[in-house]
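>>> Provided below are the primary sequence and the corresponding predicted coordinates.
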Amino acid sequence: MKVNQYNPFERISDSRLLVFGLAITVLASFFAYCVNGRFDGILDLHFVEEAKIYQPFLDNLLNIVVTSLLLFTLGKILNKRTRYIDILNAVLLSRVLIYLLLFSNVNSFILSVTDNVMADFPNVEMSWSLIYLALFGIISLLVLAIYLFLMFLGFRVAVNSKKSIHILYFILTILLSEALLKVIFYLIKY
Amino acid sequence: MIKLPVKCPSCESGLAVVELKCGQCETKVSGNFPLPDLLQLSYEEQQFVLAFFLASGSLKEMAKQMKVSYPTVRNYLDDLIAKIAKIQNYEG
């Protein structure tokens, strides 16, 4: 049996992944509160002036539940043996990448950089703030790509996916999840 | 350990048994006996099926023994089931 040593979803037991995933979600939610981070969508991280302690926890709960349920539905359609725990682990673990971006706002760094750039808008000139913001944008895009790739790795193992069309189904489901979450966040402002 | 070849090294078609021999009196039986379905799997796949049988069909136990995740073992078993089904359809 060929096992990809670099794919945690192939090697590590579901219970260990679940415990680690839940623990990191709780820790990251608290850290998000400390740096005023909000996850208002499965692909989103925004920094606000002052986050309330329950907001990042509720953000993560909604993101994880909605996305895992949609991916589980897709998984069941593709392979009836798909288990919810494997999909949940894929969503929980992959979000570690998004949580890493929280470090960018320690001491309100990225928020102040954004404010500096926006203060000069629309006559923005080359400055360190602009360079930091551009770098943050590039790093965020890279992290987003790796985040989705890691989630797909977990989804592929959970569903035993081998067809390339499944990548398209996965992307469409993520976009559907993002749209649905945007509506939910809009309706239940908290 | 000598592995039973199940595929022709030249054209990749399935092999058949044409001669059997008694180890005691050296009597030989000739014919054209197709290999049983399970023997048409590779050596590694046969070892997996044997391990599955010895683990009383517990995939969780197998995952623990093989130090891999449960879906990895289940996916491999699903692939083997599909392979056996293909062999049976081909024979049928």
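Yep, it's here.

>>> Distance of the one residue in chain B that gets nearest to chain A relative to residue A:41?
Of all residues in chain B, the one sitting closest to chain A is residue B:75 (4.1 Å; Cβ to the nearest Cβ). C-beta: built from backbone N, CA, C; applies to glycine. Distance, residue B:75 to residue A:41, using Cβ to Cβ, to the nearest Å: 31 Å.

>>> same thing with residue A:64?
12 Å.

>>> what does residue A:79 give?
From residue A:79 to residue A:41 the distance is 27 Å (Cβ to Cβ).

>>> So which of these two has more stuff around it?
residue A:41 (21 against 16; other Cβ atoms under 10 Å in any protein chain shown).

>>> wait, the more buried one sits on residue A:183?
No. Look at residue A:41 against residue A:183 with Cβ atoms under 8 Å: they stay out of range, at 10.4 Å.

>>> How about chain A: which residue is closest to chain B?
For chain A, Cβ to the nearest Cβ, closest residue to chain B: residue A:160, 4.1 Å.

>>> contacting residues for that residue?
When contacts are counted by Cβ atoms under 8 Å, 6 or more residues apart in numbering or on different chains, residue A:160 is found next to A:79, A:81, B:71, B:74, B:75, B:78, B:79.

>>> if we can go back for a sec, measure how buried the residue of chain B closest to chain A is and give me the count.
22.

>>> Compute the number of surrounding residues for residue 22.
Picked chain A for this. Neighbours of residue A:22 (other Cβ under 10 Å): 14.

>>> wrong one, I was asking about chain B
Residue B:22, neighbours per other Cβ under 10 Å, totals 9.

>>> re earlier: show me the contacts of residue A:160 that map onto helices.
B:71, B:74, B:75, B:78, B:79 (DSSP state H).

>>> Which one (most neighbours) among these?
residue B:71 (26 neighbours).

>>> That one is in contact with residue A:85, isn't it?
No. Residue B:71 lies out of contact with residue A:85 (Cβ under 8 Å); the separation is 9.3 Å.

>>> what residues are up against the residue nearest to the spatial centre of chain B?
Residue closest to the mean C-alpha point of chain B, counted by Cα atoms, centre = their mean, is residue B:41 at 3.2 Å. Residue B:41 makes contact with B:6, B:49, B:80, B:83, B:84, according to Cβ under 8 Å, 6+ apart.

>>> What score does residue 68 have for pLDDT?
Defaulting to chain A. Predicted confidence (pLDDT) for residue A:68: 98.

>>> ah, no, chain B please
With respect to pLDDT, residue B:68 has a value of 95.

>>> Give me the phi and psi for the residue of chain A closest to chain B.
phi 60, psi 50 (degrees, to the nearest 10).

>>> Would you mark the buried spots in the longest helix along chain A?
Counting by DSSP H, the longest helix found in chain A is helix A:128-159. Neighbour-count burial for helix A:128-159, with 16 or more other Cβ atoms under 10 Å in any protein chain shown as criterion, is recorded at A:129, A:132-133, A:136, A:143-144, A:147-148, A:150-159.

>>> all strands of chain A, in order?
Ranges of strands in chain A, per DSSP state E, are A:37-38, A:46-47.

>>> Equivalent analysis for chain B, please.
B:16-21, B:28-34.

>>> Tell me which of the strands of chain A is the most buried.
strand A:37-38 (a mean of 22; mean count of other Cβ atoms under 10 Å in any protein chain shown).

>>> can you tell me the average pLDDT over that one?
Mean predicted lDDT for strand A:37-38 stands at 94.

>>> how distant is the worst-scoring helix or strand of chain A on mean pLDDT from the center of its chain?
Scoring the helices and strands of chain A by mean pLDDT, DSSP states H and E places helix A:109-120 at the bottom, with a mean of 83. Relative to its chain's centre, helix A:109-120 lies at 24 Å (Cα atoms, centre = their mean, to the nearest Å).
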